[in-house]
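**Q** sequence first, predicted model second:
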Amino acid sequence: MGTLRWAAGRVGGALVVLWLVATAIFIGVRLIPGDPAEAIMGGPGSQASAEALAAARADYGLDEPLRVQYLMFLGKLLRLDFGTSYALRDPVLGIMGQVLPQTIVLSLLALLLAWVLALVFAAASLRATRVGAVLGNAVEIIAAAVPHFWLGAVLIMVFSSTLGWLPAVDNGTGAGLVLPVLTLALPLAGFLTQLMRDSLSTALASPFSLAARARGDSRLQVFWRHGLRHAALPALGMTGWAFSSLLSGAVVVEAVFARPGLGRALLSAVLSRDIPMVTGIALFSAAIYMVVMALTEGIERALHPAGVDS
Amino acid sequence: MSRWARIGSTLFVLLLLLVALVPGWLAPGDPLAIDPAEAFQSPSPAHPMGTDESGRDVLTRVVHGARDSLVIGIAATALGMGVAIVLGTAAALSPRWLDAGILRLLEALYAIPSLLMALLIIAFTGPGVGPAIVAVGLSTAPGYARLVRSQIRTLRHSEMLQAATVLGRGTLLRVRNHLVPNALRPLLALITLGVGQAVIWASALSFLGLGTPPPAPEWGAMLAAGRTYLHLAWWMSLFPGLAIVVVAAGATMIGRALGGKVNAA
Amino acid sequence: MSALISVQDLSIGFASDTVVQGVSFELHAGQCLALVGESGSGKSVTARSLLGLSGGSVAAKRLSVLGSDGRKLSDRQWRAIRGRQVAMVLQDALMSLDPLRPVGREITDALPHLRSRAERRRRAEAILGEVGMDDPARRAKQRSPELSGGMRQRALIAQALVNDPLVVIADEATTALDAQLTALVLEQLRAIKESGRAVLMISHDLAQVAQLADRIAVMRAGRIVETGPAARVLSDPQHEYTRTLLRAVPSGVPRFTPLSVTERHLPVERAEPSGTPALVATNLGKSFSGHQAVDSVSFDVPRGQTLGIVGESGSGKTTTARLVLGLQRPDSGSVSLLGEHFAPRRESARRALRQGLGAIYQNPLGSFDPRYTAGALLADALSRGRTRRVAGYRAQVSGLLEQVELDPGLIDQYPSQLSGGQRQRLAIARALAPQPAVLVLDEPVSALDVSIQATILDLLDRIQLETGTSYLFISHDLSVIEHMSDTVAVMHRGRFVETGPTAKVFGDPQHQYTRRLLTALPRFR
């Protein structure tokens, strides 16, 4: 398969996925009992004014037939017009522009840290004794089982309240990023360590590693030249999933550390049932997922041209 | 599964069932009984896990919370798995075009992070225990469905089923004698792993104020309450969190012993 | 002339297991020594200990590697020997070259002493050219999965030879390769030997060893049981085990002559084949996305006879088997079984006919349901899937076990607990349960050690004589095909290029492809 065809397929697939997500949301809004205009304005409890409801109706063409409404909805999305946040009274796109970078930076740093930690632990476990292996196994499983919201609280308790080393709330110096990034990264590192350790030990037990040793490579050289690549490949394949789980975690972590971001915005949008905002965030995170998937697949293709298509 | 793993996991499941079914046996107190005079007691022989802002015993609440957390976790997994098995099996056994269609749909659902999807569903339904179950169940379904699909596809094209065809076995016999029983075991592992994850997700929703409402003794909700008093009463946050970790890690270990992979959902 | 490598009383242990014991040999320049043995004999571990890579604890009276005392070398000192003075070529280039790295990098890795990158690259390309790789500069940038089998094998040899080592260890370097690649590797090893270097050949295959070795040492269970000049060991073996191994080589052994020591000679009484052939294929064709895998293939298998199909990997022989078994629908042509139309046909319409057709695969484990014991598998086959309880079928199950000479005590074992030979016997028993007229055997012995292979082939012979079952026997191994077939078809790129009585095809091949294949067939009887 040519690179161009692959790229075209990826873009086409992403558009289909986004369209499906948008359609699901469109249907979801209309499934809510009662007046869709009310739903858009935050549900029956919101006590929106008559003018606001009328504006929403006009905005969404709610008096038009469903088919027309649907096309209007899609048409607006195509023009990146997600409407106005009911709760914040600003265009959704503008709000996203403010919160998205915060979450992306947080998630990327956490992803990076999780990768490094997983590699270090996976490499360390190679030389572990029996007791060490059992212990390492337990730590991995527990790390992967720790809920973000609790880990965040424990880290605040230890490093902020008790030791006073790190701030719990961002004070603008970047030190405030340390605890949220750790909170996000540790559970993911637990997952990735398991994955990397398996592929690392398989690679180092492979004939090509023996062949490398027989050529005169040292253990360390075999690890760098062969082990790392093979350990990275399956973990790389999981990056799409990992990023997606980081976005999930970000919702909680941003709440725990009172950080602005996509997750926080989504949470308040859900609490106030701010449908335009929710729609925008859902589409954006789906788009982020598709971009990450395309990027990792591209890297995989470069690393392993023969392996991806098969 | 090794002998020790079997004994360990059986004991773990029995203990959990005991706690969930007869919480009064381990913690005879009332989880909702308020005693303002006893508020914010640190752990002591009288209150091994301390008391909360209203003077309720944290140990009693953690023990009584097991039922809620487990019921939500199991119900959500059952829902998610049910959807996943139907979709995954349908995709695996359908003609190529339908398989591709279902796969695309699953990818679309998978593209939205689980917790975001759960929040999305709650945006439509409003908060509560029922919505939390539906939200967690549906948001984990796409991941499981993809696994079920590949599992069944692998089996369907396996040499084992080809050998059965060559021996002259009809479709019914092949499915009943080989496909279903061999698909069940990995599914069981997946379900066990799923319950552990679902308990975490469900308590996350409660923590965010979208699941079980306070003052019910649900672990996530208890953590949410404890967060306010983190500097004052660390025990309010520590112990409910530990309970979640123990259940999730236990489920993970059993699932792995059954041959499951953790990166499932 | 003093020996390049001299080993005396070598023992290697892992934890409490001693896998090599009291092994002694010498290796001289311009000489090829072969260590021959079956899996678990300790031959590979012995070879690896010459590079300090055995992984176990090594003890010896002498372990001299090019003048260095191997017992005292540190890892750093070993590394100066590895690749520079003693190099190793491993089995299966696909696994022995890192699939994620360009082969050129695998070669330059062995040249850390060359300072400049350009110089390293020049040397790598030069050595690739020397082993006969076309366009070395381009190939050096490709990864092993992108290369063809032949190029990959050349690259593997190149990475061992790049430092001009005095000793080359070939560890099962020809195992699992088809005839032409085997010939290629043997030719390369011969060139190495003739250039005055020493070759230590590790192999389970006496026939292949016979083509190159000057001396042979036969290993069994960690010990050398016999050693001597190749010609003497092959023509006049002294040890019982050597004789067993030699006898197990099917090449040139007439049909129905037992290969295993335990099998007695059978009276060969076969009626001339008459009536409708058991299996007829007419003009079979099958293509996969434009690639013609099977192209106008026609054959018939007379009752009680064996048709052997021989071909290299990718020649279309397995697809042919799948078409015959009705696992894939042919694009053209048809198959009939005992005179009845069998393929292409609706599965439900031909299900009753399936009792007449059985199949044996290379890896029987994959074809067994892992939840069934040996007894359950046979009960399931006998009851046509109605039950897996042995109770109602005890007599028939024991009958089958006896027929394939499988210990009745294994009835409650799971297939995964059985050895390779036992598994294949169980697979044969299961296939025989419905008393089929035809068995399709797709590489049935390719995964087995030679002595086990011999017993399985003998068993198949006996079953054919006793039951008159016809075989469609598919293999890449010329000598197995020669020993087992009445008629042979040579398959190449989806077509039968030559068909005829076995003696005629092997004795007087007409097609040039057949001739090329046969040059790789080892003869030492």
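**A** Sure thing, it's come through.
**Q** where along the stretch 351-500 of chain C do the strands fall?
**A** For the stretch 351-500 of chain C, the strands defined by DSSP state E, counting those that start in this stretch occupy C:357-360, C:438-442, C:470-475, C:487-492, C:495-501.
**Q** no no, chain A
**A** Per DSSP state E, chain A carries no strands over any range.
**Q** can you find the helix or strand in it with the smallest mean pLDDT?
**A** Of all helical and strand segments in chain A, the minimum by mean pLDDT, DSSP states H and E falls on helix A:36-40, at a mean of 70.
**Q** for B:Arg61, the count of nearby residues, please.
**A** As a burial measure, B:Arg61 scores 30 neighbours (other C-beta atoms under 10 Å in any protein chain shown). All C-beta spots, glycine's among them, are computed from the backbone N, C-alpha and C.
**Q** shouldn't it be within a strand?
**A** No. Per DSSP: H, G, I helix; E, B strand; the rest coil, B:Arg61 lies outside any strand segment and is helix.
**Q** grab the nearest non-local neighbour of it.
**A** Closest residue in space to B:Arg61, ignoring its immediate chain neighbours: B:Pro217 at 3.9 Å, by C-beta to C-beta, 6 or more residues apart in numbering or on different chains.
**Q** how many neighbours does that neighbour have?
**A** By the measure other C-beta under 10 Å, the count of residues near B:Pro217 is 25.
**Q** can you list the low-confidence ranges for chain C?
**A** Within chain C, the ranges that satisfy pLDDT under 70 run C:1, C:176, C:263, C:522-525.
**Q** near chain A, which residues of chain C are found?
**A** Contact residues (C-beta under 8 Å from any C-beta of the partner chain) of chain C with chain A: C:48, C:51, C:53, C:75, C:79-84, C:87-88, C:90-92, C:95-101, C:106, C:109-110, C:112, C:143, C:145-146, C:156, C:159-160.
**Q** please pick the buried ones from those.
**A** Neighbour-count burial (16 or more other C-beta atoms under 10 Å in any protein chain shown) is assigned, among these, to C:48, C:51, C:53, C:79, C:81-84, C:87-88, C:90-92, C:95-101, C:106, C:109-110, C:143, C:156, C:159-160.
**Q** the longest helix in chain C is where?
**A** What stands out as the longest helix in chain C, according to DSSP state H, is helix C:450-467.
**Q** what residues does the stretch 51-200 of chain B put near chain A?
**A** With C-beta under 8 Å from any C-beta as the criterion, the stretch 51-200 of chain B meets chain A at residues B:104-105, B:107-108, B:110-116, B:119-120, B:122-124, B:126, B:196, B:200.
**Q** residue in chain C nearest to chain B?
**A** Nearest residue of chain C to chain B (C-beta to the nearest C-beta) works out as C:Arg354 at 3.4 Å.
**Q** what residues are up against the closest residue to that residue other than its chain neighbours?
**A** Nearest residue to C:Arg354 in three dimensions, chain neighbours excluded: B:Gly168, at 3.4 Å (C-beta to C-beta, 6+ apart). Counting by C-beta atoms under 8 Å, 6 or more residues apart in numbering or on different chains, B:Gly168 makes contact with C:351-352, C:354-355, C:384, C:434.
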